[in-house]
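> My questions concern the predicted model and sequence given below.
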Amino acid sequence: MKPTIIDIKQKIVIGQKSKMLQHQSKNIVALWKQFMPRKHHIKNTISLELMALQDYSAFGNFEVPFDIWACVEVSKTIDIPNKMEIFTIPAGKYAKFLHKGNDAGATYQKIMEQWLPNSNYSIDSRPHFQVMGQKYIHGSPDSEEDFYVPIIKT
């Protein structure tokens, strides 16, 4: 498990969000079921890639709800569809991991329990996100997506 360490520029996304606690995966499924039929209403998308985003107010505290997003990156924020919102991912350093398969939780656990403690980084307070491109196949063991974990040098 070796990430690529990258600096990303600010990203602007449009999508739908929901609050959840850790291990409430039914909220994620419900959010994507609402978002997918409506995503084509978003104008000025940068690509066909989908993004899942987690905005933690207290990362690591499993009793505090956090925002989850189903969204797409855009170049402009005009004509926002009804019941959708804008979110800005601040610029900064990220560890980018390739995730293969359909057990995202296991990959994320390895990142937090194996890679992070042995790296020279700690988690930053910026959002975590995943990018699902052409190789993403929902529910398939052959699926691929990129995990972006916000980091700062320790």
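Noted; the coordinates are in hand. Residues are numbered from 1 along each chain as shown.
> Give me the most central residue, this protein.
Closest residue to the average C-alpha location of the chain: residue 129 at 1.9 Å, with C-alpha atoms, centre = their mean.
> Could you check how far it is from residue 61?
Distance of residue 129 to residue 61, given as C-beta to C-beta, to the nearest Å: 20 Å. All C-beta spots, glycine's among them, are computed from the backbone N, C-alpha and C.
> Residue 136 contacts residue 50, doesn't it?
Yes - Residue 136 lies in contact with residue 50 (C-beta atoms under 8 Å); the separation is 7.3 Å.
> now that we're looking at residue 128, which residues does it contact?
Contact partners of residue 128, counting by C-beta atoms under 8 Å, 6 or more residues apart in numbering, are 53-54, 56, 147-150.
> Farthest-apart pair in those, please.
56 and 147 (14.6 Å; C-beta to C-beta).
> Leaving out sequence neighbours, find the closest residue to residue 147.
In this structure, residue 147 finds its nearest non-sequential neighbour in residue 97, 4.4 Å apart by C-beta to C-beta, 6 or more residues apart in numbering.
> Correct me if wrong: that neighbour contacts residue 149.
Yes - contact criterion C-beta under 8 Å: residue 97 and residue 149 qualify, at 7.0 Å.
> Need the contact partners of the lengthiest helix in the chain.
In the chain, assigned by DSSP state H, the helix with the most residues is helix 25-35. Helix 25-35 is contacted from outside by 15-20, 52, 68-71, using C-beta under 8 Å, 6+ apart.
> Show me which residues of stretch 129-143 are buried.
129-132, 136, 143 (16 or more other C-beta atoms under 10 Å).
> same question, stretch 140-154
143, 145-151.
> Please enumerate the strands of this structure.
4-8, 11-20, 50-55, 66-73, 85-89, 92-100, 121-123, 128-132, 144-153 (DSSP state E).
> Turn those into a markdown table, including distance to residue 110 and mean pLDDT.
Formatted as a markdown table, the strands of the chain follow (distance: least, C-beta to C-beta, whole Å; pLDDT from 0 to 100):
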| stretch | distance to residue 110 | mean pLDDT |
| --- | --- | --- |
| strand 4-8 | 16 | 98 |
| strand 11-20 | 22 | 97 |
| strand 50-55 | 17 | 97 |
| strand 66-73 | 21 | 97 |
| strand 85-89 | 23 | 98 |
| strand 92-100 | 9 | 97 |
| strand 121-123 | 15 | 96 |
| strand 128-132 | 15 | 97 |
| strand 144-153 | 10 | 97 |
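> Great, nothing more from me.
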